[in-house]
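predicted coordinates and the sequence they were generated for:
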Amino acid sequence: MAVANDPTTMAGDFKNLYKDSGLLNAIPSWMILQDRFPFEEAEAGLGQYYIFGVVLQREQGFTYAPSSGTGSGVQTLNAAVAGVISQAQVEGYSIYLRSRLSYDAAAKASRAGKKAFAQAYGAVLKNMKESHQFRLELSLMYGRDGLGVVASNTTGALVISDSSWASGIWASGMKGAVLEAWTGTGASVTQHDGDLTVSTVDVSNKTVTVTGTSTSVVANDVLYFKGARTATTYRECPGLFRIMSNTGSLFNIDAAQYELWKGQSYAVNGNLTLTAIMNASALGMVYGLEKAILICAPTKFAQLASDEAALRRYVSDSTKTKRGVKGISFLMGNVETEILPHPLCKESHAMMLSEDSIHRVGATDITFGMPGSGEKMEVHVTDSSAIEFRSMSDQAIFSDQPSTMVLLTAIS
């Protein structure tokens with residue numbers, strides 16, 4: 001006798017689909033930060049913080065003396081000048097995603113067999129996974145600094161400024177996303193209007209059209225995903241852009257007091273060229289940069305193709321740089337720099353990261369399981385014939401040597 005499918009059966013099918021599909025560890029290649037910097041599960045130290053020891057000042061209590069002649073012999077040592085090793089406090093921030101399936105639709109697919117269920121809902125699960133990865137990648141890159149700056153507003157058609165535009169952010173299925181407009185990126189700002197729901201995106205004209213009241217949104221307002229911040233607090237981790245441009249207190253250490261806690265900046269003032277990248281590498285080298293990853297917008301990566309000498313050299317030197325399809329790498333002294341196009345990188349700047357200094361830490365990477373057990377993946381919706389699936393992540397990105405990183409600005 002056939003056994004009727006019920007919510008428990010279809011939930012089991014959904015779990016098996018997730019487990020057997022390989023989606024648990026699948027990271028799209030263009031999610032560069034999640035791909036290149038593996039998640040490090042860490043135990044919270046003081047309170048809810050992850051603690052990292054960082055060197056902020058070298059030992060300076062040296063005495064010099066010749067081995068013979070004047071000044072040799074017994075020395076009166078100069079006073080000890082202690083170095084500074086401080087503790088950075090890194091806090092993980094959570095992102096949650098929820099998606100619902102009706103009982104009847106799921107039951108029909110489940111009744112037809114696991115293969116039919118996989119065909120019907122494999123795309124749903126994959127979309128949830130990649131949607132969460134997309135939001136997480138944006139937080140890791142631009143957390144606390146927003147998605148873009150409004151240049152003008154014409155009855156809800158928001159033109160994004162050239163300096164804050166990234167085609168990959170807005171062209172990646174943003175329809176339906178709920179945004180908020182704030183007067184700046186500082187810790188204390190004002191919101192203009194309420195929910196702004198993306199209805200259409202015109203990439204060629206850098207225009208995002210929203211529904212909902214937007215009459216108060218004006219030039220220089222900064223767009224955030226709904227809930228990413230409040231008027232007085234941030235609800236996502238500081239992204240790499242915030243870390244590299246920080247000049248004040250971050251992770252409980254003041255960059256105004258310790259220059260080794262402050263990133264470097266190099267103004268390109270034109271097209272992105274290998275010469276500019278080498279100059280930035282030289283700047284980072286002064287502070288100890290050894291192995292660098294440069295992330296730039298795909299359109300700016302394409303500008304490097306005009307450097308014929310570079311292409312000739314790199315095609316012969318490295319198989320992964322053929323025609324610059326995947327990336328370009330070069331050596332300058334002992335510094336190896338790999339250049340990678342990232343669709344979410346804004347076009348006016350590029351980020352040179354010290355690969356060995358970057359950590360992605362927290363309580364959990366993206367998961368569909370209940371933290372601590374990994375078993376519970378579904379919630380039966382009260383007073384609704386639907387089952388809800390959820391994913392979550394809890395983490396932050398962090399550099400223990402921010403002075404080695406270089407933000408390349410004024411790229412045209």
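Alright, I've got the coordinates.

what secondary structure does the residue nearest to residue 386 when sequence neighbours are not counted sit in?
The shortest distance from residue 386 to any non-neighbouring residue, by CB to CB, 6 or more residues apart in numbering, is to residue 100 (4.7 Å). Where C-beta positions appear, they are placed from N, C-alpha and C, glycine not excepted. Following DSSP: H, G, I helix; E, B strand; the rest coil, the label given to residue 100 is strand.

wait, residue 100 touches residue 390, no?
No. Applying CB atoms under 8 Å, one finds residue 100 not in contact with residue 390, separated by 10.0 Å.

more neighbours, these two?
Neighbours were tallied for residue 100 and for residue 390 using other CB atoms under 10 Å; the higher tally belongs to residue 390 (18 against 12).

quick check: bridge partners of that one?
residue 98 (DSSP bridges).

quick check: pLDDT value at it.
Residue 390 carries a pLDDT value of 87.

now it: how far from residue 127?
Separation of residue 390 from residue 127 (CB to CB, to the nearest Å): 14 Å.

quick check: phi and psi on the closest residue to residue 38 other than its chain neighbours?
Spatial nearest neighbour of residue 38, excluding adjacent residues (CB to CB, 6+ apart): residue 360 at 7.1 Å. With angles defined as degrees, to the nearest 10, residue 360 sits at phi -120, psi 100.

residues contacting the residue nearest to residue 386?
Applying CB atoms under 8 Å, 6 or more residues apart in numbering, we find residue 100 in contact with 381, 384, 386, 387, 388, 389.

check residue 231 too.
By CB under 8 Å, 6+ apart, residue 231 lies in contact with 182, 188, 189, 190, 191.

hang on, isn't residue 410 packed against residue 271?
No. Counting by CB under 8 Å, residue 410 sits too far from residue 271 to count as a contact (10.7 Å).

where in the chain is pLDDT low?
Within the chain, the stretches with pLDDT under 70 are 1-29, 43-47, 106, 109-110, 112-123, 305-327, 373-377.

the domain parsing of it - what is it?
Residue ranges for the domains of the chain, per automatic domain parsing: 52-57+87-144+236-412, 148-225.

among the ones you listed, which is nearest residue 36?
domain 52-57+87-144+236-412 (6.7 Å; CB to CB).

now the closest one: how far from the chain's centre is it?
3 Å (CA atoms, centre = their mean, to the nearest Å).

swap in stretch 191-204?
22 Å.

contacts for it?
The contact list for stretch 191-204 (CB under 8 Å, 6+ apart) reads 156, 158, 167, 170-171, 174-183, 207-218, 221, 223, 226, 231.

the protein: helices as residue ranges?
For the chain, the helices defined by DSSP state H occupy 7-21, 32-36, 103-111, 114-142, 167-170, 240-245, 274-286, 298-303, 308-317.

most neighbours out of the contacts of residue 231, which is it?
Using other CB under 10 Å as the neighbour test, the contacts of residue 231 are led by residue 182, with 20 neighbours.

quickly note the distance from the nearest residue to it once chain neighbours are set aside to residue 225.
Spatially, and ignoring its direct neighbours in sequence, residue 182 is nearest to residue 189 (4.7 Å; CB to CB, 6+ apart). Distance, residue 189 to residue 225, by CB to CB: 15 Å.

what do you get for residue 253?
For residue 253, the distance to residue 225 - CB to CB - is 28 Å.

kindly report the same for residue 138.
Following CB to CB, the distance that separates residue 138 from residue 225 is 8 Å.

what's the answer for residue 98, then?
Relative to residue 225, residue 98 is positioned 15 Å away (CB to CB).

so between those two, which is more surrounded?
It is residue 225, of residue 98 and residue 225, that has more neighbours when counted by other CB under 10 Å, with 19 against 12.

may I have the beta-bridge partners of the more buried one?
Beta bridges link residue 225 to residue 179, judged by DSSP bridges.

now do it against residue 54, distance only.
Per CB to CB, residue 225 is found 30 Å from residue 54.

same thing with residue 238?
According to CB to CB, residue 238 and residue 54 sit 15 Å apart.

count of neighbours near residue 371?
Neighbour tally, residue 371, other CB under 10 Å: 12.

residues touching the closest residue to it other than its chain neighbours, list them.
Take residue 371 and drop its neighbours on the chain: the residue closest to it by CB to CB, 6+ apart is residue 364, 5.7 Å away. Neighbouring residues of residue 364 by CB under 8 Å, 6+ apart: 41, 371, 392, 393, 394, 395.

farthest-apart pair in the residues you listed, please.
41 and 392 (13.9 Å).

surely residue 276 meets residue 282?
No. In this structure residue 276 lies outside contact range of residue 282 using CB under 8 Å: 10.7 Å.

quick one, which of the two is more surrounded?
Shown here are residue 276 and residue 282; by other CB under 10 Å, residue 276 has more neighbours (20 against 15).

from residue 298, how far off is the residue nearest to that one when sequence neighbours are not counted?
The shortest distance from residue 276 to any non-neighbouring residue, by CB to CB, 6+ apart, is to residue 268 (4.6 Å). Distance from residue 268 to residue 298, counting by CB to CB: 17 Å.

try residue 392
30 Å.

cool, and residue 198?
Distance of residue 198 to residue 298, computed by CB to CB: 22 Å.

and residue 334, by the same measure?
Between residue 334 and residue 298 the computed distance is 29 Å (CB to CB).

who's more crowded, those two?
For the pair residue 334 and residue 298, the greater number of neighbours falls to residue 298 (17 against 9), based on other CB under 10 Å.

if you skip the residues just before and after it, what's nearest to that one?
residue 341 (4.2 Å).

and what of residue 244?
residue 263 (3.8 Å).

phi and psi next, for the one you found.
As for residue 263, its main-chain torsions (degrees, to the nearest 10) stand at phi -70, psi 170.

can you count the residues close to residue 400?
The number of residues packed near residue 400 is 17, by other CB under 10 Å.

ah, wrong one, I meant residue 294
Neighbours around residue 294, by other CB under 10 Å: 25.

now swap in residue 156 and tell me
17.
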